[in-house]
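> Everything below, folded, please.
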Amino acid sequence: MSTQQLDTASLGAYLARHIDGFSGTLSAEKFEGGQSNPTFKLTAGGKSYVLRRKPPGELLKSAHAVDREYRVISALQATDVPVPHTYLLCEDESVIGSMFYVMEYMEGRILWDPLVPEAKDNAERAAIYDAMNQTMAALHSVDVDAVGLSDYGRPGNYFARQTDRWTKQYRASETQRIEAMERLIPWLVENMPEDDGVVSLVHGDYRLDNMMFHATEPHVIALLDWELSTLGHPLADLANQCMAWMLPREGGIKGLAGVDRKSLGIPSDEEYIARYCQRTGRDGIENWNFYIVFSLFRLAAICQGIVKRAQIGTASSAEADSRGDAVIPLAEMGASLI
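Numbering: from 1, shown residues only. The predicted structure follows:
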């Protein structure tokens with residue numbers, strides 16, 4: 001059975017035993033998009049649920065940690081961070097062939113394009129961007145000790161750990177020599193800012209299309225896709241979001257390069273960063289260029305992982321090819337900023 005399908009008979013019997021009120025014939029439909037952990041809408045007895053599974057087959061070490069996703073979403077239930085309700089984590093691979101978890105199905109909008117063509121006017125578009133900013137500030141303000149996540153990441157310099165981790169992941173999935181990556185990797189090590197001791201919960205892939213907005217109102221009802229979350233430095237999430245807006249409009253990743261943001265009600269980077277600093281009590285940011293270069297390097301490494309997974313047949317989306325085309329331009333953009 002492939003990543004695209006589920007054994008609904010085995011799964012239905014398991015969920016009936018473990019989720020209160022679960023009954024009826026189970027059907028499953030795979031969501032489009034998303035590269036890493038295949039995600040399905042489950043329907044049974046007039047109720048809907050969401051299942052995220054680890055892909056079966058040969059996987060890169062430390063990737064696809066759905067158990068970590070389940071843990072962090074469960075820990076955030078009573079905080080100001082909007083997340084779905086979680087039902088269960090199943091580590092028994094005999095049920096559907098790999099570990100999975102089940103959470104609440106929520107009705108809302110996923111806004112795939114940062115131009116937000118769905119917005120009825122500039123005021124709504126501005127409010128959507130501000131809601132993203134507010135949700136990020138709420139995330140970075142979570143008391144990790146109070147929610148039981150004090151051991152959710154390792155101590156020490158987050159950017160040093162992440163540079164090491166993504167360099168190893170990149171090497172493990174390398175399919176060709178990319179000169180820009182060979183420049184970026186030593187530059188990041190040599191220009192690493194000193195650890196300022198700031199630690200927060202970080203999402204790891206904080207961007208517009210990883211959140212669900214209310215169906216008609218400009219507020220976030222769920223922050224999704226926690227696979228890369230850990231304890232780390234909050235500026236990694238902020239830089240990741242601003243980096244995404246630097247990217248071109250075309251290709252597998254929609255950015256805002258060349259867009260007149262003001263005419264659309266979209267804040268400039270400076271305005272967005274200032275609002276975040278205001279919300280989190282931060283007085284300015286040093287080493288911003290490093291964080292942007294790091295974000296480009298990391299995204300290039302992630303895209304390279306998708307290329308490798310497509311080669312070995314575990315990528316969960318046909319978009320893998322277009323993401324593969326992004327590796328070199330991302331690396332070159334990062335190298336141009338050093």
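> Could I get the contacting residues of P218?
A119, E124, A127, I128, D130, A131 (CB atoms under 8 Å, 6 or more residues apart in numbering). The C-beta positions use only the backbone N, C-alpha and C, and glycine is treated the same way.
> D151 too?
For D151, the contact set (CB under 8 Å, 6+ apart) is empty.
> just S74 next, same as before
T86.
> the domain parsing of the protein - what is it?
8-104, 109-336 (automatic domain parsing).
> Take those and lay them out in a markdown table including mean pLDDT.
Below are the domains of the chain laid out as a markdown table (pLDDT from 0 to 100):
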| stretch | mean pLDDT |
| --- | --- |
| domain 8-104 | 91 |
| domain 109-336 | 93 |
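> how about the strands of the stretch 101-250 of the chain, start to end?
For the stretch 101-250 of the chain, strands defined by DSSP state E, counting those that start in this stretch occupy the ranges 109-110, 200-202, 211-213, 220-223, 230-232.
> out of those strands, which comes closest to L256?
strand 211-213 (17.0 Å; CB to CB).
> got a list of contacts for that closest one?
106, 108-111, 128, 131-132, 135, 219-224.
> helix, strand or coil for the closest residue to D113 other than its chain neighbours?
Nearest residue to D113, sequence neighbours excluded (CB to CB, 6 or more residues apart in numbering): K254, at 5.3 Å. Applying DSSP: H, G, I helix; E, B strand; the rest coil to K254 yields a three-state assignment of coil.
> got a list of what K254 touches?
Taking CB under 8 Å, 6+ apart, one finds W112, D113, P114, L115, L247 in contact with K254.
> For ChimeraX, write the select line for the buried members of these.
In ChimeraX, a selection of the buried entries from the contacts of K254 looks like this (16 or more other CB atoms under 10 Å):
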select :114,115,247
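> quick check: longest helix of this structure.
The helix that spans the most residues within the chain, counting by DSSP state H, is helix 288-312.
> how about it: buried residues?
Using 16+ other CB under 10 Å as the test for burial, helix 288-312 gives 290-310.
> Which parts of the stretch 1-150 of the chain are helices?
For the stretch 1-150 of the chain, helices defined by DSSP state H, counting those that start in this stretch occupy the ranges 8-18, 66-75, 122-140.
> can you list those in a markdown table and add distance to E271?
As requested, the helices of the stretch 1-150 of the chain are exported to a markdown table (distance: least, CB to CB, whole Å):
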| stretch | distance to E271 |
| --- | --- |
| helix 8-18 | 46 |
| helix 66-75 | 29 |
| helix 122-140 | 9 |
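> Relative to R275, how far out is G281?
Taking CB to CB, to the nearest Å as the measure, G281 falls 12 Å from R275.
> the more surrounded of these two?
Neighbour count, other CB atoms under 10 Å: between G281 and R275, R275 has more, with 17 against 8.
> mind checking how far that one is from N133?
Using CB to CB, one obtains 5 Å as the distance from R275 to N133.
> go on, A310?
Plainly put, A310 is 34 Å away from N133 if you go by CB to CB.
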